[in-house]
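Trainee: Provided below are the primary sequence and the corresponding predicted coordinates.
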Amino acid sequence: MNNNTTDTLAALDLLIGTWRYGGELKGESTFSWLPGRQFLLQAGTLTLAGETHTSHEVIGHVKPFMGERAAEITSRAYTDTGDTLDYTWELREGVLTIWGGERDSPAYCRATLAADGNSMSGAWAWPGGGYSYTAERVR
């Protein structure tokens with residue numbers, strides 16, 4: 001992994017709190033640590049293109065039973081529609097990238113965090129689509 005890449009969960013501490021989304025995406029999500037600070041939980045209700053969905057996402061390093069901890073930060077989101085969505089996360093030099101599925105997937109989100117850590121702007125892109133958004137920490 002590149003030396004400029006942060007692959008530790010501690011780096012994602014800057015996401016802790018509640019974020020309000022604007023642009024094409026509306027709603028709020030809250031990031032909080034689970035006990036032990038080994039996993040981050042994101043819970044949110046978001047509206048895109050007139051459809052509102054809730055989800056809970058667990059973010060961390062996978063460590064299978066009797067196995068080694070993975071280097072990459074991955075997550076699984078559980079939605080109100082019954083979907084389970086897997087992601088790979090990377091934070092590098094103030095830019096948060098989240099790939100749908102594996103690293104370097106053609107479906108990804110790239111968001112730039114403001115220097116003060118209280119706002120970001122980004123966009124999701126995938127073959128044939130995507131949307132942009134802004135987010136502001138509200139608490």
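Mentor: Arrived safely, thanks for sending. Numbering: from 1, shown residues only.

Trainee: quick check, S75 in a helix?
Mentor: No - per DSSP: H, G, I helix; E, B strand; the rest coil, S75 lies outside any helix segment and is strand.

Trainee: what about the residue lying closest to it once chain neighbours are set aside, neighbour count?
Mentor: Nearest non-adjacent residue to S75, counting by C-beta to C-beta, 6 or more residues apart in numbering: I59, 4.1 Å away. In this view, the C-beta of every residue, glycine as well, is placed from N, C-alpha and C. Neighbour count of I59, defined by other C-beta atoms under 10 Å: 21.

Trainee: so what touches the helix or strand harbouring I59?
Mentor: For I59, the host element (DSSP states H and E) is strand 51-60. Strand 51-60 has contacts (C-beta atoms under 8 Å, 6 or more residues apart in numbering) with 9, 12, 27, 34, 38-47, 73-81, 85, 87, 89.

Trainee: show me how to select, in PyMOL, the buried members of those.
Mentor: This is the PyMOL syntax for the buried subset of these, where burial follows 16 or more other C-beta atoms under 10 Å:
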select buried, resi 9+12+27+40+42+44+46+73+74+75+77+87+89
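
Trainee: confirm R37 sits in a helix?
Mentor: No - secondary structure of R37, determined by three-state DSSP: coil, with no helix assignment.
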